[in-house]
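Trainee: Give the three-dimensional model of this entry:
(2 chains)
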Protein chains: 2
Amino acid sequence: MTKTAAIIGGGVIGGGWAARFLLNGWDVVICDPDPEAERKIGEVLDNARRSLPALSDVAVPQEGRLSFAASLTEAVKDADWIQESVPERLEIKHRVFAEIQANCRKDALIGSSTSGFKPSELQEGAARPEQIFVAHPFNPVYLLPLIELVGNAGTTARAKSVLEAIGMKPLIVRQEIDAHIADRFLEAVWREALWLIKDGVATTEEIDDAIRFGFGLRWAQMGLFETYRIAGGEAGMRHFIAQFGPCLSWPWTKLMDVPELTDELTDRIADQSDAQSGRHSIRELERIRDDNLVAMMRALKPRNWGAGALLKAHDERVRPPLPAELDKPLITQRRVIPIDWTDYNGHMNESRYGQVFSDAGDVVMAMVGADQAYIDSGFSYFTVYNNITYREETRAGEVVFVRSQVFEAKGKKLGMYHELCREGDGALLATCKQLLVHVSLETRRSCEPGPEVSARLDALHEAQMKLPKPESMRD
Amino acid sequence: MTKTAAIIGGGVIGGGWAARFLLNGWDVVICDPDPEAERKIGEVLDNARRSLPALSDVAVPQEGRLSFAASLTEAVKDADWIQESVPERLEIKHRVFAEIQANCRKDALIGSSTSGFKPSELQEGAARPEQIFVAHPFNPVYLLPLIELVGNAGTTARAKSVLEAIGMKPLIVRQEIDAHIADRFLEAVWREALWLIKDGVATTEEIDDAIRFGFGLRWAQMGLFETYRIAGGEAGMRHFIAQFGPCLSWPWTKLMDVPELTDELTDRIADQSDAQSGRHSIRELERIRDDNLVAMMRALKPRNWGAGALLKAHDERVRPPLPAELDKPLITQRRVIPIDWTDYNGHMNESRYGQVFSDAGDVVMAMVGADQAYIDSGFSYFTVYNNITYREETRAGEVVFVRSQVFEAKGKKLGMYHELCREGDGALLATCKQLLVHVSLETRRSCEPGPEVSARLDALHEAQMKLPKPESMRD
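Mentor: Predicted coordinates:
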């Protein structure tokens, strides 16, 4: 049954939560007194719709229903998850939690997006304190996987499985602490950066470059400790600490002290930031950021590492079963065209059509039992030819599917017709005639498949040969 | 003329510098008293050879010559660049600089990899102080672009252009300061992380996850300030500071204080790190890291952003000119197969053959004047079909080239035979018969090209029609 999330406070963070739930098939009810809330949420959703589905290599769920509630009472009454993202003032949060708990289901999960308050502070005076926990996200919430969960162990365990099901990476913080974990680092870096600007050592742009051309790249895939473990070499972490430890007492950082945020310092930062980024509007910067994040996270996917491993596992969780009815054209792919598959002509690059057809061929391979386990056992299929014709353009964000038909499935050969179509109007975008040959991965030469694969090939052959040749392939 | 770099101190950092120079065509002389230096450098080079060339989409230069010098005198005497990466002890560095300056060219650049010392400290007592500067790299030096340059303005300006020519991102630090810029942030985060572990709040793995699933992803492409600029929304940086500023006085971080690195704390970190990463050897972790970095930086390349923009600009700088002799088969591609183009079968995925042929087609387009400026003017070519046959496998790290021949270049049509071959033995890996059609990007329909492109098409057609059909395409 469709689940419902109530989003209390609809700014950038609330909007990001709304998008994350909605695009994962949840219904979402927004409650925000701001008359601009609907427009603001709409803008976040526009960004999310063009980027979040691109993380996936399988079909994304049907988007849930979005509605705006006139009152907090109405918003929370049927909700499975209630997410509070109101301003960071404890008395406001207490008032909101009191009204939520007076009206929500007792089994609802009530998360707070707070970056500063501890659960014990949020829970003060609550009717059911254990129902309230910290679920601290990172902007953009619809793309970045991390959520810090802090609170009652039973509640955060339930929250964890909900968030995992919508593709996130919940990190349970076992001991409550000001600013949880990640923001302590951000705070430390922020203070140090302010000093560098105040002292005229570096501009905002120089600081950003010092981050993104160096350790920022490292930290997108391994954190502090795994990186330093490598730096320690074979001697490992102990060696690294012995080498690096003494520096701890050097006066490298200014962090003993906090710079005063005078108007002058604020102006300096704002002016430097304008010089650095002012040629892009915030909306443009958001889309540049989102495209970058999608491309990098997708790049980590085949590496099966970090955020990429998470995406891969999520795809596996929601991947549809293999086609079971052999006597029909087989639906072997259904997916969104990701942003990073488009080229200078503004449409999907020709080579990515090849990738979709390659993925379609992999599905037919899996249907005859040549799946990952079979490949690991030393056998696979290699492609002999791909004859691709391009009929129509397709663009980022479009949902496409591949209809495949087997024209040969005997002995070493596996031949297929693929038709790439647009979901919705069914327009034919491209065709591919593809021939695979069964190989030994040891000799790298063709060989007969094992008896189980052979039997499945025969069954597939028999069922598919009765189908007429696709019209697009006749001539 | 081939330039020479002398690498003084051959650990992980010195080895990384050696690889960066060597794989960019410099000769490299290593000086390190460690009897294991040659083995250690060899290991770094193995890593670099499998990853650095993969950053490039054009042919990489011929590797320079590597040699090991018996003495520092011999190592530095002809060097254009001398890089000091000896232990972080000032008296050792002073001794090394004195010997270097007694023997090197007066116009040689002498960089120090120091993370802690300021140029004024390094230069104390030097014969020619202005010759010595900080060139602080980030591990792995052969992949991460950032170099912090600190020192005399004239010297660092010269150093900057040398480093840019080998694909790096030199950041001139205008005011000398302990730990330069980036390490101040790393130091701040490191101290905070030690407290979290000491207090039992989080393990090494939890801290790493808090980084790499959240802000680490952001920082691989935008730094602190550009990220916060977006968080401030249309109201911009001033709004962000007004909102976030007050938190500065909250006691979120422990950084007023420094934890003592007791044996107990060291053991705890080392044990947690083993639990987190111990299933991989350091060598494995290095390769995982390198593959991740290559894949992410490559992902940023089509986005033309950050490290990706840097790679793209470097490719353009070293890209060979378009083929000029029209009456021969055209060499339209020459490149290394990057790691992220391989698949579960351990070889280049079939769709990436399509990408190489697509790129080859782009070169022929550029030859007839349909280059980026022409595309920006509203016209381009779309692909009608690609008929690809696969002959032999190709693997990451292999150098390949495409030999293209035009079989039709008239009116709207541009037809090509492409042959993908391995450099060295010339083995034919795949063929592609490709037809493009000239289009208006406004109507998205075919149309006649402009007079200049038409004239070039005619010339190409006339010259190429005299060539015999490639043998691989006959039948």
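Trainee: Please count neighbours and contacts with C-alpha atoms only from this point.
Mentor: OK.
Trainee: how about the helices in the stretch 1-150 of chain A?
Mentor: Using DSSP state H, counting those that start in this stretch, the helices of the stretch 1-150 of chain A run over residues A:12-22, A:37-51, A:72-76, A:90-103, A:119-123.
Trainee: ignore the last one, the stretch 151-300 of chain A
Mentor: A:153-165, A:182-198, A:204-210, A:216-219, A:224-231, A:236-244, A:263-277, A:282-300.
Trainee: Determine whether any part of the third one lies close to chain B.
Mentor: By that I understand helix A:204-210. Yes. Helix A:204-210 comes into contact with chain B (Cα under 8 Å from any Cα of the partner chain), by way of A:204-210.
Trainee: hang on, the earlier thing: could you tell me the least trusted of the helices of the stretch 1-150 of chain A?
Mentor: Of all the helices of the stretch 1-150 of chain A, the minimum mean pLDDT falls on helix A:37-51 (a mean of 91).
Trainee: Doesn't A:L436 belong to a helix?
Mentor: No. Using DSSP: H, G, I helix; E, B strand; the rest coil, the assignment for A:L436 is strand, not a helix.
Trainee: which ones are touching it?
Mentor: A:381-385, A:413-415 (Cα atoms under 8 Å, 6 or more residues apart in numbering or on different chains).
Trainee: per-residue confidence at it?
Mentor: 97.
Trainee: Quickly note the distance from it to chain B.
Mentor: 10 Å (Cα to the nearest Cα, to the nearest Å).
Trainee: can you list the domain ranges for chain A.
Mentor: A:4-179, A:183-279, A:321-473 (automatic domain parsing).
Trainee: where among these is the average confidence lowest?
Mentor: Among the domains of chain A, domain A:183-279 scores lowest, with a mean of 79.
Trainee: And that domain, end to end?
Mentor: 29 Å (Cα to Cα, to the nearest Å).
Trainee: Grab the nearest non-local neighbour of A:M222.
Mentor: With sequence-adjacent residues excluded and distances taken as Cα to Cα, 6 or more residues apart in numbering or on different chains, A:M222 is closest to B:R212, at 5.9 Å.
Trainee: residues contacting that neighbour?
Mentor: A:219-223, A:306-307.
Trainee: Now the buried members of those.
Mentor: Among those, those scoring as buried are A:219-223, A:306-307 (criterion: 16 or more other Cα atoms under 10 Å in any protein chain shown).
Trainee: Among these, which lie within strands?
Mentor: Mapping the buried ones among the contacts of B:R212 onto strands (DSSP state E) picks out no residues; all lie outside.
Trainee: okay, those in TSV with distance to A:E442 next?
Mentor: As requested, the buried ones among the contacts of B:R212 are exported to TSV (distance: Cα to Cα, whole Å):
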residue	distance to A:E442
A:W219	37
A:A220	36
A:Q221	33
A:M222	34
A:G223	37
A:G306	31
A:A307	33
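Trainee: what's the closest of these to B:Y374?
Mentor: For the buried ones among the contacts of B:R212, the closest approach to B:Y374 (Cα to Cα) belongs to A:A220, at 37.1 Å.
Trainee: Distance-wise, check A:F138 relative to chain B.
Mentor: From A:F138 over to chain B (counting by Cα to the nearest Cα), the distance is 6 Å.
Trainee: Quick check: that residue touching B:F213?
Mentor: No. In this structure, A:F138 is not within contact of B:F213 by Cα atoms under 8 Å, at 9.3 Å.
Trainee: what do these two both touch?
Mentor: By Cα under 8 Å, 6+ apart, the residues touching both A:F138 and B:F213 are A:144-146.
Trainee: ok, back up a step: okay, A:F138 and B:F213: which has more neighbours?
Mentor: Legend: neighbour count by other Cα atoms under 10 Å in any protein chain shown for A:F138 and B:F213, higher for B:F213 (29 against 22).
Trainee: tell me, how many neighbours does the nearest residue to that one once chain neighbours are set aside end up with?
Mentor: In this structure, B:F213 finds its nearest non-sequential neighbour in A:L146, 5.1 Å apart by Cα to Cα, 6+ apart. Per other Cα under 10 Å, the neighbour tally for A:L146 reads 27.
Trainee: what's the answer for A:E84, then?
Mentor: A:E84: 27 neighbours (other Cα under 10 Å).
Trainee: Alright, calling it a day.
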